[in-house]
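>>> Got a sequence here, can you model it:
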Amino acid sequence: MSAQTKSEAPVIFPVAIDSIWSRMRLEAATAAASEPVLASFLNATILHHGSFSAALSYRLAEKLADAQMSAMQWREVATNAYEEHGELVDAAVADINAYFERDPACREYVQPFLYFKGFHAIQSQRIANTLWREGRNSLALYLQSRMSELWTIDIHPAAHLGQGLFLDHAHGIVIGETARVGDNVSMLHDVTLGGTGKDLDDRHPKVGNGVLISAGAKVLGNIQIGDGAKIAAGSVVLESVKPYCTVAGVPAKPVGACCGNAAADMDQKI
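Numbers count the residues shown, from 1 in each chain. This next block holds a predicted model:
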């Protein structure tokens, strides 16, 4: 099989927010009718709100609240971020769609929104990233700390995350300060995008679009992971990976045939 070029890669169209939001409201109303004990919860988190962004700011605030920062304070932070940076809302909808399309355990759009810690952590980091870029580093780092406590997911506020990101199970994920993750990437639990040594400058991986990083993989250093690449479970990647290449092992080496649509297919075989 010849390597797939960028021009041959699947075209990703923007996900319609209104259609996803309408579907989520229908799913929530159906669940409330079938499970009355959850009716109050579903009304508060989804049905009460007039927009996707309003519901998301509420859901994140309820999760992030602690003795120092109330839900009301977090909701104000999130609401301001969504009003000033509409791309965050677009990214959140693309993430929900990624969960629905790639996770066989996700049967409704409302499920990641309500229950999946990977989705919650991604959206929290996006807000932390806007705070970091605005010079509000203390609050951004507080949010990073809160995310780590809640979900065992540690992503530096300065790290850049693309849209359509899917963190499957999302336990024990670490992404460093200067890491960049492209669009439509799939990542499983216990993945590290880390640095090597004590360099203060650009020291973390740059992950291209459509990459699949399997469970337990460690990608270390300022290296490039090309578009559409696949990193096998348990691998330690210390050198750059070419686009649409599968790597495996410790240290990781190219194996098998070239990938097609690794992140979307979620095929772990090598």
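>>> need the contact list for the residue nearest to residue 203 when sequence neighbours are not counted.
Leaving aside its sequence neighbours, residue 203 sits nearest to residue 195 (C-beta to C-beta, 6 or more residues apart in numbering; 3.8 Å). C-beta here means a position set from N, CA and C on the backbone, and glycine is covered the same way. Residues near residue 195 by C-beta atoms under 8 Å, 6 or more residues apart in numbering: 176, 178, 203, 204, 220, 221, 222.
>>> Counting neighbours, what do you get for the fourth one?
Residue 204 has 25 neighbours, counted by other C-beta atoms under 10 Å.
>>> how much space between it and residue 194?
According to C-beta to C-beta, to the nearest Å, residue 204 stands 7 Å off from residue 194.
>>> Which neighbours do the two have in common?
Here residue 204 and residue 194 have residue 176 as joint contacts, going by C-beta under 8 Å, 6+ apart.
>>> since we're on the closest residue to residue 233 other than its chain neighbours, how many residues are nearby?
Among residues not flanking residue 233 along the chain, residue 214 sits closest, at 3.9 Å (C-beta to C-beta, 6+ apart). Counted with other C-beta under 10 Å, residues neighbouring residue 214 total 24.
>>> same check, this time on residue 72
Residue 72 is flanked by 9 other residues according to other C-beta under 10 Å.
>>> can you check residue 111 too?
Counted with other C-beta under 10 Å, the neighbours of residue 111 add up to 19.
>>> which SS class is it?
Taking DSSP: H, G, I helix; E, B strand; the rest coil as the rule, one finds residue 111 in the helix state.
>>> How about the contacts made by it?
residue 99.
>>> Can you check my assumption that residue 227 lies in a strand?
No: counting by three-state DSSP, residue 227 falls outside a strand, being coil.
>>> right, and it touches residue 207 too?
No: at 9.3 Å, residue 227 does not count as touching residue 207 under the criterion of C-beta atoms under 8 Å.
>>> Buried residues, the one helix or strand residue 29 maps to. List them.
Using DSSP states H and E, residue 29 falls within helix 17-34. For helix 17-34, the neighbour count (16 or more other C-beta atoms under 10 Å) marks 17, 20, 21, 24, 25, 27, 28, 31, 32 as buried.
>>> what's the neighbour count on residue 132?
Residues within reach of residue 132, counting by other C-beta under 10 Å, total 21.
>>> Next: residue 68.
Residues near residue 68, counting by other C-beta under 10 Å, number 8.
>>> Quickly note the distance from it to residue 258.
With distances taken as C-beta to C-beta, residue 68 is found 50 Å from residue 258.
>>> Likewise for residue 213?
Between residue 213 and residue 258 the distance is 17 Å, computed by C-beta to C-beta.
>>> okay, these two: which has more neighbours?
Comparing residue 213 with residue 258 by other C-beta under 10 Å, the one with more neighbours is residue 213, at 30 against 18.
>>> Run through the bridge partners of the more buried one.
Counting by DSSP bridges, residue 213 is bridged to residue 187, residue 231.
>>> which residues touch it?
185, 186, 187, 188, 191, 207, 219, 225, 231.
>>> Can you give me the neighbour number for the last one?
Using other C-beta under 10 Å, residue 231 has 28 neighbouring residues.
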